[in-house]
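S.K.: Here you go, sequence then predicted model.
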Amino acid sequence: MGFGIWHYLSGYVIIDIKGRGLERFVNRVVQSGGDIWSVKRTGTNSLRASVSVGTFYSLRPIVRQCGVSISIAEKRGLIISLSNMRGRKVLLYGWLAVVALVLSASRYIWFVDVEGCDMVDPQAVIASLGDMGVMVGSNKRAVSTYKLGSALMATDARIAWAGVKISGVVLKVEIVEANKAQAQSNADKPQSLFAAKDGIVLSVTTIDGKARVKAGDAVVKDQELITGVIRNDELGLITTAAKGTVMAEVLYTYTATAGPMIQAKGYTGNEVCYNQLELLGFILEREADYETYDEDEVCEYVLQGCFLPLSIKRVIRKETDDVRIRGSAEALKKEALAKAEAKLLSLIPEGARITSKLSETRLDENGAVSATIRITTEENIAEARGIYGND
């Protein structure tokens, strides 16, 4: 369940949950009918979430069953704010006036949010809604959201599916364009959508088929998310090509090690010394003696009384080569972090939104440095397969 104005009025609690049974804890709260939202992973074995006051007081048996611990991070909401202002009447009356205005304003749409558009212009979608009489300032009770989706699909052939819902004072419009729907679906045969990886479900958008999961559920790789089996009973088997998206919070973790020896540039001990001439800005250099080298200028002589400006530099050319040396702790730390990040970025699919990144390093007994990076993303984990999970 998401955050609503009732939660603000009645108060809610932001809690930190720690332990190994995090997903089971979230599922138990949802199954018990509790209000929990804004579930975000803050570490390998920790989550932060918001719960209503009533749900908070009913968590004790679930905490014991799942083997987790919870602590209060913040208390928020109007009731809590008012309880802190009992001695300041003017401020209290001011807040009551604000609440009255908010309640009055909450009956109307103040924002329109359009998501999922690549080819379709979001402003064109908003304009189409305006032609249907739905715009900023419209009374929410007068808006039939269940009719708007079909009406928007009829305005543009590139819109394969459109869903409209009201969240607070925001009219949210979700668009699935035709090319995206076709890429996910094979119309020749029935299919279901399965989890491509583990994650915590953030939202489910079903275009065709039946959703098997909901927001807040912890899912594992290969779990069925949206089934293409519409009915399977005594009347027979009815299937479809399931289509939709399942946005989830996914945790990626990787550890890389660097050292204790690293590849670095070093001197071989071979060197030559020569005179370098410079005339009218042109430098006459000696041909390369080594494949790789460094040069150091020893001294410079400028010939006086000449018609043309001429200078001579004494230069030492030193041969270099890649050698293995014992790396410093700082150099090894940078190399290990770079390795871990490069690996994780290669695993994260294009289009995923990175929401957090945590890194830590440790010095191993042999002098090497190990770096662990944890990246949390929000991405669509739905993967189309056959009805029973076959490709």
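M.R.: Cool, the structure landed.
S.K.: What is the neighbour count of the nearest residue to D364 once chain neighbours are set aside?
M.R.: Once flanking residues are discounted, D364 sits nearest to S370: 5.9 Å by CB to CB, 6 or more residues apart in numbering. Where C-beta positions appear, they are placed from N, C-alpha and C, glycine not excepted. Around S370 there are 18 other residues, counting by other CB atoms under 10 Å.
S.K.: check contacts around T377.
M.R.: T377 makes contacts with 249-250, 252, 348, 352-355, as judged by CB atoms under 8 Å, 6 or more residues apart in numbering.
S.K.: Would you mind checking those for buried ones?
M.R.: Buried members of the contacts of T377, counted by 16 or more other CB atoms under 10 Å: 249-250, 252, 352.
S.K.: Spit out the contact partners of T253.
M.R.: Residues in contact with T253 (CB under 8 Å, 6+ apart) are 44, 372-375.
S.K.: T42 too?
M.R.: Counting by CB under 8 Å, 6+ apart, T42 touches 16, 48, 356.
S.K.: How about E285?
M.R.: E285 is in contact with Q276, counting by CB under 8 Å, 6+ apart.
S.K.: any idea of the pLDDT on it?
M.R.: pLDDT recorded at E285 is 71.
S.K.: still on that earlier bit, present the buried ones among the contacts of T377 as JSON lines; the columns should include secondary structure.
M.R.: Supplementary listing: those in JSON lines, determined by DSSP: H, G, I helix; E, B strand; the rest coil:
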{"residue": "E249", "secondary structure": "strand"}
{"residue": "V250", "secondary structure": "strand"}
{"residue": "Y252", "secondary structure": "strand"}
{"residue": "A352", "secondary structure": "coil"}
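S.K.: now, among these, which is nearest to D121?
M.R.: A352 (24.6 Å; CB to CB).
S.K.: Quick check: the gap between that closest one and A258.
M.R.: 27 Å (CB to CB, to the nearest Å).
S.K.: For the spatially closest residue to T361 that is not a sequence neighbour, give me its contacts.
M.R.: Spatial nearest neighbour of T361, excluding adjacent residues (CB to CB, 6+ apart): A371 at 4.7 Å. By CB under 8 Å, 6+ apart, the contact list for A371 reads 255-258, 333, 336-337, 339-340, 359-361.
S.K.: Pull out the buried positions in the host helix or strand of R28.
M.R.: In the assignment (DSSP states H and E), R28 maps to helix 22-31. For helix 22-31, a neighbour-count test (16+ other CB under 10 Å) marks 22-30 as buried.
S.K.: same deal with stretch 375-387?
M.R.: Neighbour counts over stretch 375-387 (16+ other CB under 10 Å) mark 375-385, 387 as buried.
S.K.: all strands for the stretch 101-250 of the chain, in order.
M.R.: Here the stretch 101-250 of the chain has its strands, by DSSP state E, counting those that start in this stretch, at 111-115, 159-167, 170-177, 192-195, 199-208, 210-211, 218-219, 224-227, 229-233, 236-239, 243-258.
S.K.: Figure out which of those is closest to E319.
M.R.: When the strands of the stretch 101-250 of the chain are compared by CB to CB, strand 243-258 sits nearest E319, at 26.9 Å.
S.K.: partners of that closest one in the sheet?
M.R.: Partner strands for strand 243-258, per DSSP bridges, with pairing direction: strand 199-208 (antiparallel), strand 369-380 (antiparallel).
S.K.: distance of I62 from E74?
M.R.: When I62 is compared with E74 (using CB to CB), they lie 21 Å apart.
S.K.: nope, A160 is what I meant
M.R.: Using CB to CB, A160 is found at 41 Å from E74.
S.K.: Looking only at neighbour counts, state which of those two leads.
M.R.: Neighbour count, other CB under 10 Å: between A160 and E74, A160 has more, with 18 against 12.
S.K.: thought the more buried one was touching T205?
M.R.: No. Counting by CB atoms under 8 Å, A160 stays clear of T205, with 11.9 Å between them.
S.K.: quick one: common contacting residues for the two?
M.R.: V176.
S.K.: any idea of the pLDDT on V176?
M.R.: V176 is assigned a pLDDT of 79 by the prediction.
S.K.: Next up, the contacts around it.
M.R.: Going by CB under 8 Å, 6+ apart, V176 touches 116, 159-162, 205, 207, 243, 245.
S.K.: repeat that for 6 Å
M.R.: 116, 160-161 (CB atoms under 6 Å, 6 or more residues apart in numbering).
S.K.: Name the helix or strand of this protein that has the lowest mean pLDDT.
M.R.: helix 178-184 (a mean of 54; mean pLDDT, DSSP states H and E).
S.K.: Which elements pack onto the strand ranked longest in the chain?
M.R.: Identified as the longest strand of the chain according to DSSP state E is strand 261-279. Secondary-structure packing of strand 261-279 (3 or more CB pairs under 6 Å, 6 or more residues apart in numbering; DSSP states H and E): strand 310-326.
S.K.: Would you list the strands that the strand it packs on pairs with, along with their directions?
M.R.: Under the rule (DSSP bridges), strand 310-326 has strand 261-279 (antiparallel), strand 293-302 (antiparallel) as partners.
S.K.: Can you report how many residues lie near the residue nearest to D198 when sequence neighbours are not counted?
M.R.: Among residues not flanking D198 along the chain, V220 sits closest, at 5.1 Å (CB to CB, 6+ apart). By the measure other CB under 10 Å, the count of residues near V220 is 10.
S.K.: ok, V220 touching G199?
M.R.: No. Contact criterion CB atoms under 6 Å: V220 and G199 do not qualify, at 8.7 Å.
S.K.: where does A142 land on pLDDT?
M.R.: With respect to pLDDT, A142 scores 80.
S.K.: Not counting sequence-adjacent ones, nearest residue to K343?
M.R.: Spatial nearest neighbour of K343, excluding adjacent residues (CB to CB, 6+ apart): Y254 at 4.9 Å.
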